[in-house]
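Engineer: Okay, predicted coordinates and the sequence, questions at the end:
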2 protein chains.
Amino acid sequence: MKMNKRKWKIIDAAHRLFIEKGFHATSIQDILDEAEISKGTFYNYFTSKNECLLAIIEYVEAEGYQKRIELAIGKDQQDEEVFIKQLAVRLNMNKKYNMLALFNHVMQLDDKEIRKYMDKQYRAELNWVSKRIADVYTPGKNDYSLDHAVMLLGMVHHFLHVWKMGMEEEVEPEKVIRFILKRMKSMMNDQMKSGEKFFSEELFSFELSGEGRAQRLLDSFIKKIDYITKKADSEQLDYLHFLQKEITSESPRKFIIESMMLSLKHVFKDTELEYEISQVVQLAEKYIKCQEGEEV
Amino acid sequence: MKMNKRKWKIIDAAHRLFIEKGFHATSIQDILDEAEISKGTFYNYFTSKNECLLAIIEYVEAEGYQKRIELAIGKDQQDEEVFIKQLAVRLNMNKKYNMLALFNHVMQLDDKEIRKYMDKQYRAELNWVSKRIADVYTPGKNDYSLDHAVMLLGMVHHFLHVWKMGMEEEVEPEKVIRFILKRMKSMMNDQMKSGEKFFSEELFSFELSGEGRAQRLLDSFIKKIDYITKKADSEQLDYLHFLQKEITSESPRKFIIESMMLSLKHVFKDTELEYEISQVVQLAEKYIKCQEGEEV
DNA sequence: AGTATTTTATACCGATAGTATATTTTTTGC
DNA sequence: GCAAAAAATATACTATCGGTATAAAATACT
């Protein structure tokens, strides 16, 4: 993950300072000193301090997303060990990058954009956990999986919080996850016997399918592509234009897009735009899945 | 709850603004305009914006504390209905005063004092829930009750969050609590059979007993009394001094202190200091319990 | 009525986020 | 290798905010 050298330097410095001193206690000047850059440079890469914070969070999210995909490669969908490791990924990222401290700062921001982003992220996580619970524990059915996902995340988060608050030992997310999953098994059986359901699984389904989501994904995609095309060279531009044309066509062909994404990753490998490309690829993947869901 | 008229006006205005615009987006000037007071007056009652926020939170907490005590009067310790209603109290308060929004703002504060206060509050809630779970579901034993308390709070909080995020209907904490408690029963049975325990019940016990807690309670108590004595009349002063003398004596007599507290509540009824007195009474009650625990 | 306290109005300080710009440095294209 | 273009720097500036200080006016107390 190369990104722009200076941009990375800023993000890295800001990240350290935000965790060490807190978001509000860190002034722009602090960041400039720590990153050894000038004010102009900072505002060349970010339009505000908030956007800088958001960039940090986005980076960590993206890294976690990739790791989860890697963990699933070649493995059975029902494999509980994979699920545990995948769950742990995000929590470990939080630990590694001390994100909890940052999230708390984010939460307080009055910035609507960031709030919306965080909400969206939580919804996505819920949907993912929900789907994976159904995969592993109740294949073929997902009647209760939203309930279970909320329970799982709620318990795990609070367990980690209490652990951090009360014990000296370093937090071990996997240990917590294993313990909670054991508890959940008896609970899931019992609930299915009783037939009680709290949240209907369609609650957030508009996030998983539907025109709204597809349109939003497409918007983000086009926006990102626009940004990248400004900085890409001619060879790269060919790929980008072709991809853009295919994905916005009447009936985009999945195999072509998947091929293009592989090529894109390759062409942008070790360039400053590598990070941006990984985001575009994610968007395209999600868009395809979304469209597939509609056609079924 | 009368409090000082102007102080109340400020707290009320600030509360509305914090929820509406967010803590950081609300300037002192906004509060002054909304409450129709001058800057001098504001800083006469609060030393900072943070302290003003803390006052709002403290007020809500105190109200919840009182309501929980009232709910328990004359009822059986094992009564599940009482427990449910008591749990709902705090969540309803959060809803009523829109505290979740505030908590998020608080979380971001770099102010160490407020963070410490919020942490303490969470610990206290955990201890309370833990004790009550043992009361109701496993009388005489509390081996697993800390685990269970963390699970319960974790699930309930996330359920409420998801409900708020995803549905139009107004949130009903009691409904959530009942659903979660049902789920927990099968889980608790299962866990006790397996014998697995995550957190030891002594994790936060230093909060429930020990010299440290007693000393801290006493400190807070004396500080509050000092503050009140400055504004009390001579009759009230007699009570206060007597209480202070008794509680700091070598072996404070419980029945005397309890009697004094009843008198205090009566003497300060409908005065500006009523709110402060209720806090003192709380502190005294906790201190007595703490001392009793040591003598056993 | 006269004293003490509270409230107001207002000016001020230091720090901050963000803007603007002229100058220097680095990168890029040929 | 050199000139044009882009990026980075240094610096000065604006507006806002939290908080302090103080003198004058309003209110409360006895």
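Structural biologist: Perfect, thanks for sending it. Note that this is a predicted model, so its numbers are computed, not measured. Numbering: from 1, shown residues only, chains lettered A, B, ... in the order given.
Engineer: right, is the longest helix along chain A up against chain B?
Structural biologist: Secondary structure of chain A per DSSP state H: the longest helix is helix A:112-137. Yes - Helix A:112-137 lies within reach of chain B by Cβ under 8 Å from any Cβ of the partner chain, at A:119, A:122-123, A:126. C-betas here are computed from N, CA, C, even on glycine.
Engineer: Among the residues you listed, which one lies nearest to residue A:241?
Structural biologist: For the residues of helix A:112-137 next to chain B, the residue nearest residue A:241 by Cβ to Cβ is residue A:123; the value is 32.4 Å.
Engineer: how many neighbours does the closest one have?
Structural biologist: 18 (other Cβ atoms under 10 Å in any protein chain shown).
Engineer: Same check on residue A:198?
Structural biologist: 19.
Engineer: swap in residue A:180?
Structural biologist: 21.
Engineer: close enough to count as contact, it and residue A:158?
Structural biologist: No - Residue A:180 lies out of contact with residue A:158 (Cβ atoms under 8 Å); the separation is 9.9 Å.
Engineer: Which neighbours do the two have in common?
Structural biologist: Common contacts of residue A:180 and residue A:158 (Cβ atoms under 8 Å, 6 or more residues apart in numbering or on different chains): residue B:151.
Engineer: Pick out the least confidently modelled helix or strand of chain A, by mean pLDDT.
Structural biologist: Within chain A, no helix or strand scores below helix A:205-208, which has a mean of 52 by mean pLDDT, DSSP states H and E.
Engineer: what separates the nearest residue to residue A:46 once chain neighbours are set aside from residue B:278, distance-wise?
Structural biologist: Residue nearest to residue A:46 in three dimensions, not counting chain neighbours: residue A:52, with 4.4 Å by Cβ to Cβ, 6 or more residues apart in numbering or on different chains. The gap separating residue A:52 from residue B:278 is 45 Å, by Cβ to Cβ, to the nearest Å.
Engineer: Could you measure from the residue nearest in space to the middle of chain A over to residue A:122?
Structural biologist: Residue closest to the average C-alpha location in chain A (Cα atoms, centre = their mean): residue A:61, at 3.8 Å. Computed as Cβ to Cβ, the residue A:61 to residue A:122 distance reads 11 Å.
Engineer: Got the domain ranges for chain A?
Structural biologist: What the record gives for chain A is the domain set A:1-46, A:54-207, A:209-295, from automatic domain parsing.
Engineer: need those domains in a markdown table with distance to residue B:187, can you?
Structural biologist: As requested, the domains of chain A are exported to a markdown table (distance: least, Cβ to Cβ, whole Å):
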| stretch | distance to residue B:187 |
| --- | --- |
| domain A:1-46 | 35 |
| domain A:54-207 | 5 |
| domain A:209-295 | 33 |
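Engineer: Enumerate every residue touching the nearest residue to residue A:166 once chain neighbours are set aside.
Structural biologist: With sequence-adjacent residues excluded and distances taken as Cβ to Cβ, 6+ apart, residue A:166 is closest to residue B:203, at 4.5 Å. Taking Cβ under 8 Å, 6+ apart as the contact definition, residue B:203 lies against A:162, A:166-167, B:146.
Engineer: Tell me how far residue B:203 lies from residue A:156.
Structural biologist: Remark: distance between residue B:203 and residue A:156 (Cβ to Cβ) = 18 Å.
Engineer: rewinding a little: go through the longest helix of chain A and flag the buried ones.
Structural biologist: Residues of helix A:112-137 classed as buried by neighbour count (16 or more other Cβ atoms under 10 Å in any protein chain shown): A:114-115, A:117-118, A:122-137.
Engineer: need the contact list for residue A:197.
Structural biologist: A:143-144, A:147.
Engineer: 6 Å instead, please
Structural biologist: residue A:144 (Cβ atoms under 6 Å, 6 or more residues apart in numbering or on different chains).
Engineer: Looking at it now. What's its pLDDT?
Structural biologist: Reported pLDDT at residue A:197 in the predicted model: 91.
Engineer: Give the phi and psi angles for it, as a check.
Structural biologist: With angles defined as degrees, to the nearest 10, residue A:197 sits at phi -130, psi 140.
Engineer: returning to what we had before: any idea which element the residue nearest to residue A:46 lies in?
Structural biologist: In the assignment (DSSP states H and E), residue A:52 maps to helix A:49-72.
Engineer: same deal with residue A:196?
Structural biologist: Residue A:196 belongs to no helix or strand when assigned by DSSP H and E.
Engineer: how close does it get to DNA strand C?
Structural biologist: Residue A:196 sits 48 Å away from DNA strand C, taking Cβ to the nearest atom of the strand, to the nearest Å as the criterion.
Engineer: again, but for residue A:55
Structural biologist: 13 Å.
Engineer: Who are the contact partners of that residue?
Structural biologist: residue A:11.
Engineer: what does the stretch 151-296 of chain A put close to chain B?
Structural biologist: A:151, A:153-155, A:158-159, A:162, A:166, A:179, A:183, A:186-187, A:190, A:198, A:203 (Cβ under 6 Å from any Cβ of the partner chain).
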